[in-house]
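Colleague: Predicted model and sequence below, questions to follow.
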Amino acid sequence: MTTAAAQGTGPGPGATTRSGLFGETSIDDPGSLKKAGAGALELAGELNSKAGLADGALQIGGQDLIGDSWGGDLGGAMLEAKERWAKQTAALVRTCRDLHEQCTTTAENYTTTETANSETLAAVSKARSPLG
């Protein structure tokens, strides 16, 4: 992770840019936050679709190796692994979706606050200053 502000580069004074999984993200750039959120949502979709491949293989293999056709514990272990895999991938997908929601909400909140601040400052600058 690099911090561009510490190096004297980046989007502006006091801004911090970080390199991560979805590219560089500036903490004062709502577009970067939305891009990171979209990347997290895309990752959630990929994980959700790809996780089913292992889930199905473990289910089929576990069922084939249980009962009369097999005397060992491998079938049961595969079915147990399938359950653990399903729970853990579902939790990871939920986390990625939560990251998407948090990044998107933060970007929207940032934009709303910046707009309100700009409007307030514009109104103050138009008003007559008591300082002369």
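Modeller: Yes, it's here.

Colleague: So what's the gap between stretch 36-56 and the chain middle?
Modeller: Taking the mean C-alpha point of stretch 36-56 and that of its whole chain, the gap between them comes to 11 Å (C-alpha atoms, centre = their mean, to the nearest Å).

Colleague: What does the pLDDT read for L21?
Modeller: On the pLDDT scale, L21 is placed at 60.

Colleague: from now on call the first residue 580
Modeller: Will do, 580 is the new start, and the previous item becomes L600.

Colleague: For Q667, grab the count of nearby residues.
Modeller: By the measure other C-beta atoms under 10 Å, the count of residues near Q667 is 11. Bear in mind the C-beta positions are built from the backbone N, C-alpha and C, glycine included.

Colleague: Strands along the protein, start to end?
Modeller: Taking DSSP state E as the test, the strands found in the chain are 596-599, 602-605.
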